[in-house]
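Trainee: Structure, please.
(2 chains)
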There are 2 protein chains.
Amino acid sequence: MLCKSIVYSIRKSPKPRQCHNVPKAPLPGEPMKPYTLTEIPGPRSDALLNEFSKIQQIGSIQYFADYQRSVGNYLADIDGNVFLDMFMQLSTLPLGYNHRSILGALSCAGNQRIMANRPALGLFPGLEWPCKLQDTLLQPCVAPKGLQCVFTTNCGDCSTEYAIQMAFIKYAERRRQGNKFTKKEKENAPFNKPPGCPELSILSFEGGYHGRTFGALALTHFKYIMKVDIPSLPWPIAPFPQYLYPLDQYEKENKEEDARCIEQKSIPLILDEIQTGGGATGRIWAHEYFELNIPPDIVTFSNKMQASGFYHSYEYMPRLPYRIFNSWMGDPSKILILEAVLQSIETDDLLSHVCHVGNYLLCELNTLQHEFPHLMNSVRGRGFIIAFDMPCNDTKNKFLHLIRSKGIQVGECGIKSIRLRPCLIFGEYHADIFLEILRNCLQELTDS
Amino acid sequence: MLCKSIVYSIRKSPKPRQCHNVPKAPLPGEPMKPYTLTEIPGPRSDALLNEFSKIQQIGSIQYFADYQRSVGNYLADIDGNVFLDMFMQLSTLPLGYNHRSILGALSCAGNQRIMANRPALGLFPGLEWPCKLQDTLLQPCVAPKGLQCVFTTNCGDCSTEYAIQMAFIKYAERRRQGNKFTKKEKENAPFNKPPGCPELSILSFEGGYHGRTFGALALTHFKYIMKVDIPSLPWPIAPFPQYLYPLDQYEKENKEEDARCIEQKSIPLILDEIQTGGGATGRIWAHEYFELNIPPDIVTFSNKMQASGFYHSYEYMPRLPYRIFNSWMGDPSKILILEAVLQSIETDDLLSHVCHVGNYLLCELNTLQHEFPHLMNSVRGRGFIIAFDMPCNDTKNKFLHLIRSKGIQVGECGIKSIRLRPCLIFGEYHADIFLEILRNCLQELTDS
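Mentor: Residues are numbered from 1 along each chain as shown, chains lettered A, B, ... in the order given. Predicted coordinates:
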C-alpha cells in the first residue's frame, strides 16, 4: 500500500469568519422567485430528448437548459421553467449563470487571442503562462499551505490520474535511492510488466468517488453501475468513517470511528479537492479546516476552479522531463475564467458570505429535521456543501420529483441523500425561498 | 483478448483529389520568411525558464512563445525569433495562429455566453447542444461512415479511456445475453473484484501511443520513460507492421508483414484518430484511406478537432444511463472552435489543399533523401502527416538543433524520426522555405 487518497470529512460545526448583514433581495437580473409552467421535463425538452436519444444515452438528462436566459442562481429550461439552482451543474459552476466578471473576461480581445491558440504547455507555453499561474492558482491566499508547485491537466479525471502517477514516481525514486533505472525496468516498462511497471497500489476509501477513467475508477467505490464490466486494478480499500449526526452530540463515538479507519501512516497523502475546492466550504480548500500538522503531499482540483490539475510540494517534482506529460497539459482558457472567479471571490468577500449563508441554511435545515424527523435526518455540511438523508430511496425519489416541480433544482447522492451545492453567490434571500418550498414539500409528503 | 486498438498505417501513395494552382505567397499577416535573432532558447526564455523551474519540471519546454504576435504558420517566441512552425503544438492546432475564423467565433457575444456557463452535459445540456453536434461532429461529411453516435469527453486521454470502457460494456452485455447483472457482480464491482470487474483486456500494438492516463497508458508501448514506475494492467500487445519504404517498391514484403501482424478477427475494432483526424491526412479521418469493408466500432478524436470524444455505432450505446459519465462530459467551448475550423476547411477547400501540398512536400523530400542518403531515409506520409528517419539519435539531435536555429520548428518521434505536422493552411510557399532550409542543414551536416 502506497498512497492514501482521502475525501472530505466534515468534523466540526461551521465557524463563519465574519457575520455581516446581507440584504435579502434577488441579485441583479434574477427573478423574484422560481416558477414552473409545465411538467418537468416539459414538452420541448421531451421532443428534443427523443431526437437526442438517437445519438446519445439520454437516461441521465433531466431537461434541456436555456443558458442565454439563465441568470445568477436561476437556471432556465427550454419550456419556460425557471429553477432556483442549488446543484449548479454538479457543483462545477462557481458564480452562477452569466456572471458579469466571467463574461467580462471572455469579451476581452487579448484573452480571445490566448484562447484561439491553445498551446502544448509542456513544450511552448505562452509568455503570460507563468504569471497567470502566479496570479491565480499560486496566489498565497489560493495555493494550499506548503504546496508551491502546480501541474495543470485537461480535466478532473486527469487530475486524479496524473496525481497518483506522480506519487508512484516519487515512491519509486525514494526506493531506488539515487540509482538509475535498471536495464530490466527499461525493457519491461513498455510491455506493462514488472519491474518496469511495478505492482504498487493506491489505498482509497470505501464509498469514495474520484473519477471514471481507469486509474481514478480503481479508487472509486460507489455505485456498482459505474464499475461493473470494466476491468480494474487490484488496489486495496479502507473503510471510511460512518459518522453519527449531529456531530456535537456524538463526539466520542465519532472519534472512535476515526481511530478505526485511520491506521496507515507514513505514506504519501493525496487529498481530492475536485468537488470540495474553490470556495464551496467557505475556504478555498476544505482541508484548511482539518488543521493538519504537516501539509498533504498532493491536492487535486477541478470543477469550481474551472481549471484542472494538482498542487504538490517541490520534492514531488519529477527529476526527469516527460515523466508526466501529454499534448495540452492544461487549458489557458480555463485559467482566464478562474482569474475572473478569484477576483469576484476577493472583491465580493464570497468566502465569508459562504460561511455566513451556509451556517444560516444549516441551522434552518436542523430545525426542519426536528419538525419532520420521519422524512429528514443527518443534516450535515460546511459552507455550501450540505447534505441530508431521507428514510429510503423511494421517498427520496418522490421528494426530488416534487421539489423540482416547484422550481428547485437539488442533487442526489447515494441511495437516500440529498445534495445541496449552491454557487458562491447564493444568498439568504435564496435560502429563504428554498426553505419555504422545502417545508411545503415535506408537509405535502407528510400529508400524502 | 477483446478489442483491437490500431493506429494509422500508411500503405498507399497519396492521391490528391484536386490539383489546383496555389499562388506561392505568404498568407495575410505572415512574414516573408522565418528569422532568428538569438540562440534558442534566447535569454528571455532562459530567464523565464529559470523562474518557472521552481513550480514545474521544465525539461521538455523548448522556449516561451508570444501567441499575440504569432500568425498563420509562424510561431513567435519571446526573444524576437519567428519560426515557421511545422509541428503546430504537437499537431493540435488546425488553422495556425490567430486564425480569423476562430477569433471570429470567440468574439461572438452569444458564443461567450455559452462559454461562460459550462454545463454538466449529461444532466442539463443547453438548448443548442444537439444542433451544434449535428452541425459539427455529426455532419455527413465529418462523422466517420457508419458511425451515427458521438460521445464527447473533456480531453484526448479521456476519449481513449471511455472508448475502451464502452467496448468492455458492450462485450459484457453480449456475453450476458440479455440477463441482468448478477448479485455477485453488483456486490464485487465497487471493490475492484471479478466478476463485477472482469479480467478482460484490450489488445494494442507495440510502439503505439494512446495517452497517459492509466487505461490509455496500458495501451501505450513507446518510450520507457512514459511508463516506468507506474503500475499497469496486464493487457496483451500485438506487433505492429514494420514497413520498408518507399512503399511502392516493397509491396510484397509489406503485405507479408501485414499478414504477420493481423491475426485477430471478430473482435470490436477501436481506431485512435486523436492525432490523425481533423483533416491532417487530406481527409477528415485517416481511416477513410483504409477502404474498410465494414466500419470500425469506435473512433476516438481530439487534438486538431479541438473537441474530444469518440464516435460509435448505435449498437454500442449503453442500455443504461450513468454507465459512462462524468461531471462535464465535454466542453461546448471547444465545439464552437471546431465549428469555425470546419467552416474554414469547407470554404477554403483545405482537404484538397492538404492533399496537394502534402504530395508536393513528399515528392521533394523523396528527392532530398536520394541526394542525402547518409542523413535521410524512409520518407513516408500522407497529406500533412509526414516523417523521415535519420541514421541515429545523435544525428537527429544535431539536426533538430541546427534547423531550429535557422527558424524551422519540427517535431521528433522515437529514436531517430523527424515528424512534420504543419497545420492545414500550410502552402507550397511555406514548403519551399522549409525545403531550402532543410537542404542547407543537410549540406552543413554533410560538410561538418
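
Trainee: low-scoring pLDDT stretches of chain A, where are they?
Mentor: For chain A, the stretches with pLDDT under 70 are A:1-23, A:262-265.

Trainee: Tell me where it has strands.
Mentor: A:3-6, A:74-76, A:82-85, A:149-153, A:202-205, A:237-238, A:269-272, A:298-301, A:308-312, A:377-382, A:385-389, A:408-409, A:411-413, A:417-420 (DSSP state E).

Trainee: Residue B:164: which of those is closest?
Mentor: strand A:149-153 (19.5 Å; Cβ to Cβ). All C-beta spots, glycine's among them, are computed from the backbone N, C-alpha and C.

Trainee: Quick one: list the elements packing against that closest one.
Mentor: helix A:156-176, strand A:308-312 (3 or more Cβ pairs under 8 Å, 6 or more residues apart in numbering or on different chains; DSSP states H and E).

Trainee: how about those in JSON lines, adding mean neighbour count?
Mentor: JSON lines is the format used below for the helices and strands packed on strand A:149-153 (neighbours: other Cβ atoms under 10 Å in any protein chain shown):
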{"stretch": "helix A:156-176", "mean neighbour count": "24"}
{"stretch": "strand A:308-312", "mean neighbour count": "28"}
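
Trainee: For chain A, list the residue farthest from the centre, please.
Mentor: Most distant from the centre of chain A: residue A:183, at 42.0 Å, with distances by Cα atoms, centre = their mean.

Trainee: Domain-wise, how is chain A divided?
Mentor: Annotated domains of chain A cover A:43-99+A:349-447, A:106-203+A:267-348 [the TED database].

Trainee: any chance of the ones you listed in a markdown table, plus distance to residue A:226?
Mentor: Shown next, in a markdown table, are the domains of chain A (distance: least, Cβ to Cβ, whole Å):
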| stretch | distance to residue A:226 |
| --- | --- |
| domain A:43-99+A:349-447 | 12 |
| domain A:106-203+A:267-348 | 12 |
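
Trainee: Just put the strands of chain A in JSON lines and tack on distance to residue B:349.
Mentor: Listed next are those as JSON lines, based on distance: least, Cβ to Cβ, whole Å:
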{"stretch": "strand A:3-6", "distance to residue B:349": "51"}
{"stretch": "strand A:74-76", "distance to residue B:349": "41"}
{"stretch": "strand A:82-85", "distance to residue B:349": "45"}
{"stretch": "strand A:149-153", "distance to residue B:349": "37"}
{"stretch": "strand A:202-205", "distance to residue B:349": "51"}
{"stretch": "strand A:237-238", "distance to residue B:349": "56"}
{"stretch": "strand A:269-272", "distance to residue B:349": "48"}
{"stretch": "strand A:298-301", "distance to residue B:349": "44"}
{"stretch": "strand A:308-312", "distance to residue B:349": "37"}
{"stretch": "strand A:377-382", "distance to residue B:349": "58"}
{"stretch": "strand A:385-389", "distance to residue B:349": "53"}
{"stretch": "strand A:408-409", "distance to residue B:349": "46"}
{"stretch": "strand A:411-413", "distance to residue B:349": "48"}
{"stretch": "strand A:417-420", "distance to residue B:349": "51"}
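
Trainee: so which of those gets nearest residue B:289?
Mentor: Of all the strands of chain A, strand A:149-153 comes closest under Cβ to Cβ, at 33.1 Å.

Trainee: Give me the spatial nearest neighbour of residue A:350, chain neighbours excluded.
Mentor: What sits nearest to residue A:350 in space, not counting adjacent residues and going by Cβ to Cβ, 6 or more residues apart in numbering or on different chains, is residue A:424, at 4.5 Å.

Trainee: ok, now which ones touch that neighbour?
Mentor: Residue A:424 makes contacts with A:94, A:95, A:279, A:280, A:304, A:344, A:345, A:350, A:353, A:354, A:384, as judged by Cβ atoms under 8 Å, 6 or more residues apart in numbering or on different chains.

Trainee: please redo it, this time with the cut-off set to 6 Å
Mentor: Residue A:424 makes contact with A:94, A:279, A:350, A:354, according to Cβ atoms under 6 Å, 6 or more residues apart in numbering or on different chains.

Trainee: ok, the first one to residue B:118 distance?
Mentor: Between residue A:94 and residue B:118 the distance is 10 Å, computed by Cβ to Cβ, to the nearest Å.

Trainee: For these two, indicate the residue with more neighbours.
Mentor: A direct count of neighbours by other Cβ atoms under 10 Å in any protein chain shown for residue A:94 and residue B:118 places residue A:94 higher, at 26 against 22.

Trainee: Please enumerate the helices of the stretch 51-200 of chain A.
Mentor: Assigned by DSSP state H, counting those that start in this stretch, the helices in the stretch 51-200 of chain A fall at A:88-91, A:100-106, A:109-116, A:129-135, A:156-176, A:183-188.

Trainee: The stretch 301-448 of chain A too?
Mentor: Listed in chain order, the helices of the stretch 301-448 of chain A (DSSP H, counting those that start in this stretch) span A:332-347, A:350-371, A:393-405, A:428-447.

Trainee: Pull the distance from the second one to the chain's centre.
Mentor: Read that as helix A:350-371. Chain-centre distance of helix A:350-371: 20 Å, with Cα atoms, centre = their mean, to the nearest Å.

Trainee: re earlier: ok, which of the helices and strands packed on strand A:149-153 comes nearest chain B?
Mentor: The minimum distance between chain B and the helices and strands packed on strand A:149-153 falls on helix A:156-176, with 3.7 Å, by Cβ to the nearest Cβ.

Trainee: between that closest one and helix B:156-176, how big is the angle?
Mentor: 100 degrees (axes from the mean of the first three to the mean of the last three Cα atoms, to 10 degrees).

Trainee: quick one, what contacts the residue most central in space within chain A?
Mentor: For chain A, the residue nearest the mean C-alpha position is residue A:275 (1.1 Å; Cα atoms, centre = their mean). By Cβ under 6 Å, 6+ apart, the residues touching residue A:275 are A:91, A:303.

Trainee: cool, the one 3 residues further on as well?
Mentor: Counting by Cβ under 6 Å, 6+ apart, residue A:278 makes contact with A:94, A:304, A:305.

Trainee: Next: residue A:70.
Mentor: Contacts of residue A:70 by Cβ under 6 Å, 6+ apart are A:76, A:97.

Trainee: Run a quick neighbour tally on the closest residue to chain B within the stretch 201-350 of chain A.
Mentor: Residue nearest to chain B within the stretch 201-350 of chain A (Cβ to the nearest Cβ): residue A:321, separated by 2.7 Å. Burial of residue A:321 is recorded as 14 neighbouring residues (other Cβ under 10 Å).
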